[in-house]
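I need the structure of the sequence given here:
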Amino acid sequence: MATAANDMPKRKRVRYSAEYRTEALALAERIGVAAAASELGLRATQIYQWRAKAAHEKSVSDRERQLREENARLKRQLADKTEEVTILGKNRGVLREEAGLKYAAIHQHRSAHSIARQCAVLGVSRSGYYAWLRRRETTSQRLAERAKRDAKVVELFEANKRRYGSPRLREELEAEGMAMNRKTVAESMRRQGLRARAAKPFRHTTDSGHSLGVAPNVIAQDFSAERPDEKWAGDITYLRTLQGWLYLAVILDLCTRKVIGWATRTRIDAELACTALRAALARRGEPSGVIMHTDRGSVYCGWDHRNLIRRYGLIASMSGRGNCFDNAVVESFFHSLKVESIHGVPLMHPDALRQVLFEYIEVEYNRTRRHSALGYISPDAFEAQIVA
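Coordinates of the predicted model:
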């Protein structure tokens, strides 16, 4: 009997990422430590330990922050004085001249110095400068009309997140009651230095137009797995916030459909993908021989992600070019996440959206949401059945 007990596999210690601990503490702050521990399947003492450590780190960093702020303030003062001397040097010839000449000099140097700063140094008002500028622009009716068109093109270009080129902007302008032909729109964009973001096949987040190494498609749309940590799949999606885009990278276990690693970032880069993979490795006890399937975007084909895969003995697999069906499981998860937790909800601050993602993934999706591919039980419950 003693031999049998010794032969039982030891339970792997679960390690949680810093982002997980931060979101867990935020949840505990809102609903209480005991309730958060129950929701997340943790011990209450674990959350208290995390809270004490976070409080200590904050007290140490507050003083450092104050010193940084004071240093930044002094640097700004020095920069302001330096800029004032520079402006006076450039405009020495107009210091005693009438306001119109000063406005012209300000306009000439507007790319090097802000309008407000130049007006303050030269002793003229910003409103006077802008009035002079309007008079200057309206001397020609043609220039006035062009300025109106240009302003509308910029407005719609920014409203569509810099993704539209002249053909689509022409359609937007027509819908706004300002009909223009495509060539006129293209000319306005060139004049103002507006360039649309290049469209990518199927997904905005995938950059497969590179010369980096691409792994073979080992999965080949076979998403079945007999045991956990046999096949993983990862991808990146983008979510709109009040302050722009928030990018979400996830890794799912294809056997249990559980999200075992995820990360968020305000930009797409190798660190986003690597943080999600490191979280999955830590959470699953660093298993080797797992097939790690992704698309062929540059963040996955880059050296950082490929080196991480080699270091932990994983097997890289990548979808075919522009084929979203090769990663259908993760695409399906993203659809569920957006429909069930984000669509129809007003835009949020990035920090608020991260909390929504944390609760959906760690509390609802992994622990309680019934999954159709798992016989309508949650990924955690399905995994518990297999492990048992």
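
count residues in the vicinity of residue 88, would you?
12 (other Cβ atoms under 10 Å). From N, CA and C alone the C-beta is placed, and that goes for glycine too.

no wait, residue 176
Neighbours of residue 176 under the rule other Cβ under 10 Å: 11.

quick check: the gap between it and residue 13.
Using Cβ to Cβ, to the nearest Å, residue 176 is found at 59 Å from residue 13.

with residue 338 instead?
Per Cβ to Cβ, residue 338 is found 34 Å from residue 13.

next one: residue 316
Taking Cβ to Cβ as the measure, residue 316 falls 27 Å from residue 13.

in CSV, list the C-alpha atoms belonging to the one helix or strand residue 105 maps to.
Assigned by DSSP states H and E, residue 105 falls within helix 99-108. Taking Å, rounded to 0.1, in the frame of the first residue of the first chain, the C-alpha atoms of helix 99-108 are listed here in CSV:
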residue,chain,number,x,y,z
ALA,A,99,1.5,91.8,-35.5
GLY,A,100,1.0,90.7,-39.1
LEU,A,101,4.7,90.1,-39.6
LYS,A,102,4.9,88.2,-36.3
TYR,A,103,2.0,86.0,-37.4
ALA,A,104,3.8,85.2,-40.6
ALA,A,105,7.0,84.3,-38.7
ILE,A,106,5.0,82.1,-36.4
HIS,A,107,3.4,80.3,-39.3
GLN,A,108,6.8,79.8,-40.9
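
same for that helix, what does it pack against?
In terms of contacts (3 or more Cβ pairs under 8 Å, 6 or more residues apart in numbering; DSSP states H and E), helix 99-108 is packed against helix 115-122, helix 126-137.

tell me the mean pLDDT for the shortest one?
Okay, so that is helix 115-122. If you average the pLDDT over helix 115-122, you get 86.

packing partners for it?
helix 44-90, helix 99-108, helix 126-137.

mind checking the SS state of residue 233?
Following DSSP: H, G, I helix; E, B strand; the rest coil, residue 233 is assigned to strand.

what's the distance between the residue nearest to it when sequence neighbours are not counted and residue 327?
What sits nearest to residue 233 in space, not counting adjacent residues and going by Cβ to Cβ, 6 or more residues apart in numbering, is residue 293, at 4.6 Å. Separation of residue 293 from residue 327 (Cβ to Cβ) stands at 7 Å.

between these two, which contacts overlap?
Common neighbours of residue 293 and residue 327 (criterion: Cβ atoms under 8 Å, 6 or more residues apart in numbering): 233, 319.

strands along the stretch 101-250 of the chain, start to end?
Here the stretch 101-250 of the chain has its strands, by DSSP state E, counting those that start in this stretch, at 231-241, 244-253.

would you turn those into a markdown table with mean pLDDT?
Shown next, in a markdown table, are the strands of the stretch 101-250 of the chain (pLDDT from 0 to 100):
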| stretch | mean pLDDT |
| --- | --- |
| strand 231-241 | 94 |
| strand 244-253 | 96 |
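
ok, now how distant is residue 314 from residue 293?
Distance from residue 314 to residue 293, counting by Cβ to Cβ: 10 Å.

joint contacts of those two?
Joint contacts of residue 314 and residue 293 (Cβ under 8 Å, 6+ apart) are residue 232.

who has more neighbours out of these two?
The neighbour comparison of residue 314 against residue 293 (other Cβ under 10 Å) goes to residue 293, with 29 against 21.

thinking again about what came up before, among the helices and strands packed on helix 115-122, which is the most enclosed?
helix 99-108 (a mean of 18; mean count of other Cβ atoms under 10 Å).

now that helix: how far from the chain's centre is it?
For helix 99-108, the separation from the chain centroid amounts to 42 Å (computed by Cα atoms, centre = their mean, to the nearest Å).

so what touches that helix?
Residues outside helix 99-108 that contact it (Cβ under 8 Å, 6+ apart) are 90-91, 94, 115, 118-119, 122-124, 128-129, 132-133.

low-confidence regions, the stretch 51-200 of the chain specifically.
138-140, 160-164, 168, 196-200 (pLDDT under 70).

ok so, going back, more neighbours, residue 338 and residue 13?
Of the pair residue 338 and residue 13, residue 338 is the one with more neighbours under other Cβ under 10 Å, namely 12 against 7.
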